[in-house]
Each structure stands twice: as C-alpha cells, then as structure tokens.
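Peer 1: The following block contains a protein sequence and its predicted model.
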Amino acid sequence: VKVKVKVKVKVKVKVKVKVKVKVKVKVKVKVEKSFQANKRVKTRLFKNSQIVAPAESPTDA
C-alpha cells in the first residue's frame with residue numbers, strides 16, 4: 001500500500017510541473033507579443049519624426 005501511495009504522489013507532482021510550464025509559456029508569448037507591438041509603435045513614431053524633422057529644421061529652410 002505504501003509503495004502505491006508514493007507512485008501516486010510522484011504523478012501528481014509531474015502534472016503540477018507541466019501546468020506551471022504551460023503557464024510560463026503563455027506568459028512568455030504574451031510578453032513577446034506586447035514587446036513586438038511596442039516595437040512597431042516605436043518604429044512608426046521614429047519614421048514619422050524622421051519625415052517631419054527635416055521639414056521643420058532651419059538648416060533646410
């Protein structure tokens with residue numbers, strides 16, 4: 001009986017670890033997506049500022 005209980009506990013621990021890994025992966029994906037979105041916004045702003053800056057600069061005028 002004792003041996004069977006030990007086996008059951010081991011299985012439960014393995015399942016818990018798997019769930020934790022899945023959650024971590026989901027969080028990583030969310031972070032990566034938000035990071036990519038931020039990058040896109042930054043590149044857009046940077047491109048816009050590059051386009052606007054030369055027109056406003058006094059050296060060109």
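Peer 2: Cool, the structure landed. These numbers come from a predicted model, not from an experiment. Numbering: from 1, shown residues only.
Peer 1: Now the phi/psi pair for residue 21, please.
Peer 2: Backbone torsions for residue 21, taken as degrees, to the nearest 10, come to phi -60, psi -40.
Peer 1: What is the neighbour count of it?
Peer 2: For residue 21, the count of nearby residues is 10 (other C-beta atoms under 10 Å). For the C-beta atoms, the positions are set from N, CA and C on the backbone; glycine is no exception.
Peer 1: how near is it to residue 46?
Peer 2: Distance from residue 21 to residue 46, counting by C-beta to C-beta, to the nearest Å: 37 Å.
Peer 1: which residues of this protein fall in helices?
Peer 2: Assigned by DSSP state H, the helices in the chain fall at 2-56.
Peer 1: Give the residue spans of the chain that score low on pLDDT.
Peer 2: The chain contains residues with pLDDT under 70 at 1, 3-7, 9-11, 13, 48-61.
Peer 1: Recalculate using a threshold of 50.
Peer 2: 60-61 (pLDDT under 50).
Peer 1: how about residue 17, what does it touch?
Peer 2: Listed by C-beta atoms under 8 Å, 6 or more residues apart in numbering, residue 17 has no contact partners.
Peer 1: gap between it and residue 28?
Peer 2: Counting by C-beta to C-beta - residue 17 and residue 28 are separated by 16 Å.
Peer 1: Same question for residue 43.
Peer 2: 22 Å.
Peer 1: Next: residue 46.
Peer 2: 26 Å.
Peer 1: Kindly report the same for residue 45.
Peer 2: Taken as C-beta to C-beta, the span from residue 45 to residue 28 is 26 Å.
Peer 1: Residue 44 now?
Peer 2: Distance from residue 44 to residue 28, by C-beta to C-beta: 25 Å.
Peer 1: Also residue 2?
Peer 2: Taking C-beta to C-beta, one finds residue 2 at 40 Å from residue 28.
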